[in-house]
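Colleague: Coordinates for the following, if possible.
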Amino acid sequence: MTEEQSYTTEEIAKLLKISKLTVYDLIKKGDLVAYRVGKQMRIDAADLDAYKRRSKQLQSPAQARPNVLPGTTTTEQLSTEAVQKHSPVAGLSTVTDQSESQHAMTSNHRIASPSQTASTSFASGLTGYGQNIAGSARHLVITGQDVSLDILMRHMEKQSRNIRPLRSFMGSLDGLISMYRGESDLVSTHLLDGDTGEYNLPYIRKILTGWSYVVVNLLSRPAGLYVPRGNPRQLNDWTDLNQSNLRLANREKGSGARVLLDEQLRLHGISAAGLLGYDVEETSHMGVAAKVSSGEADVGVGIEKAARLVGQVDFIPLVQERYDLVMLRKQGNEAWIESVLHILRSPEFRQELRAFEGYDVSRTGEVLFEA
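Modeller: Model prediction:
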């Protein structure tokens, strides 16, 4: 039996000349059939061809626009720079080229398109963003990398059969921008505003202009510096990053750790140009800690858990960062938002988070802001 050709989401994005986020959006809506193999989402060649045929059928010659497929917008077809110009946060960089494992979405079932569940076209088969026709589960895109999100998703799947959480491993800023564009449903964020010392809310208010949303605390955790065992460079504070010939393992633009570093450099008048390796980016806390552990870097910024997992790394705690969740309040969302709040406030969920050393759950489930 001949094995059918299949593609990763990255390969689909290249073939269709769209962003990977748009591919995830098509999967989430049910427009493009996908299934999970390990941590990767796969799309069979036959399903890609079927999607393309439906797209052509839905576009009459008078309505057709070059290089624009159903489920995309002209803004999504532009370069990163152009997207930023159309964004309320012009000048902020988005990261769309992370590895497949970083962007993989988690789902335990094959995702059926409306064409498989009804005879109507895939566009008319949607009853709301991220929701298929009656009888099928609604796909919710959750962004972020922390293990607490895996626990939350497991509780969500247990509590309701009507929702199917999908995971996108993107940074905090990218998550908020994707939410503004309607591509994410629940975003996790840990962004420090250096001028006020406040976490998350200054960014959320600016980026989600015009949206109604609720911000709730997930947890708090220590963040600081990764240094080699014994701390040979004696890096004990942000000001110590001014040392000469210091090799840095940096995070990608848009991540909370990158924002934390950049804000501290700005506040302490330290030039990023003086840090060797500043422009070389890792896409996870583990990646940064591993660079320090292997001796390839003298310092990195991240959370304590990664240092414990990697080993041969000392962690210097410098801030207690607040890790919050943002959920959009719009038609069809109220039920699952209440379900998430119930989970966050449950003793079972908090007990699971307490198993991770350094996680503070004293405010877990507390609504911090509503708009």
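Colleague: Please give me every residue in contact with the residue nearest to F315 when sequence neighbours are not counted.
Modeller: The spatially closest residue to F315, leaving aside those adjacent along the chain, is A307, at 4.0 Å (Cβ to Cβ, 6 or more residues apart in numbering). Any C-beta I mention is one placed from the backbone N, CA and C, and that applies to glycine too. Contact partners of A307, counting by Cβ atoms under 8 Å, 6 or more residues apart in numbering, are Y226, A289, V313, D314, F315.
Colleague: For the last one, give its distance to G302.
Modeller: If I follow you right, that is F315. Here the criterion is Cβ to Cβ, to the nearest Å. By it, F315 lies 8 Å from G302.
Colleague: among the contacts of A307, which are in helices?
Modeller: Helix and strand membership here follows DSSP state H; of the contacts of A307, those in helices are A289.
Colleague: Quick one, which of the contacts of A307 are buried?
Modeller: For the contacts of A307, a burial check counting by 16 or more other Cβ atoms under 10 Å picks out Y226, A289, V313, F315.
Colleague: hang on, N200 packs against T189?
Modeller: Yes: proximity of N200 to T189 meets the contact threshold set by Cβ atoms under 8 Å, at 5.0 Å.
Colleague: between these two, what contacts are shared?
Modeller: Residues touching both N200 and T189 by Cβ under 8 Å, 6+ apart: S172, D324, V326.
Colleague: Point out the least confident one among these.
Modeller: For those, the minimum pLDDT belongs to S172; the value there is 95.
Colleague: What is the burial count for that residue?
Modeller: Residue crowding around S172 was assessed by other Cβ atoms under 10 Å; the count is 27.
Colleague: Can you verify my assumption that it contacts V259?
Modeller: Yes: with contacts defined as Cβ under 8 Å, S172 counts as touching V259 at a distance of 7.1 Å.
Colleague: Could you name every residue contacting both of the two?
Modeller: With contacts defined as Cβ under 8 Å, 6+ apart, the residues adjacent to both S172 and V259 are L191.
Colleague: Next, R363: phi, psi?
Modeller: Note on R363: backbone dihedrals following degrees, to the nearest 10 are phi -120, psi 10.
Colleague: OK, contacts around it?
Modeller: Shown in contact with R363 (Cβ under 8 Å, 6+ apart): N217, S220, R322.
Colleague: ok, V367 to I204 distance?
Modeller: As defined by Cβ to Cβ, V367 lies at a distance of 13 Å from I204.
Colleague: higher neighbour count, these two?
Modeller: Counting neighbours by other Cβ under 10 Å for V367 and for I204 shows that I204 has the greater number, 25 against 11.
Colleague: Show the pLDDT at the more buried one.
Modeller: Among the per-residue scores, I204 shows a pLDDT of 97.
Colleague: I'd guess it is in a helix, am I close?
Modeller: Yes: secondary structure assignment (DSSP: H, G, I helix; E, B strand; the rest coil) places I204 inside a helix.
Colleague: In this structure it contacts M327, no?
Modeller: No: counting by Cβ under 8 Å, I204 sits too far from M327 to count as a contact (11.2 Å).
Colleague: so what sits against both of those two?
Modeller: Common neighbours of I204 and M327, counting by Cβ under 8 Å, 6+ apart, are Y213.
Colleague: does the residue nearest to F315 count as helix, strand or coil?
Modeller: For A307, the assignment made with three-state DSSP gives helix.
Colleague: I12 too?
Modeller: Put simply, I12 is helix when judged by three-state DSSP.
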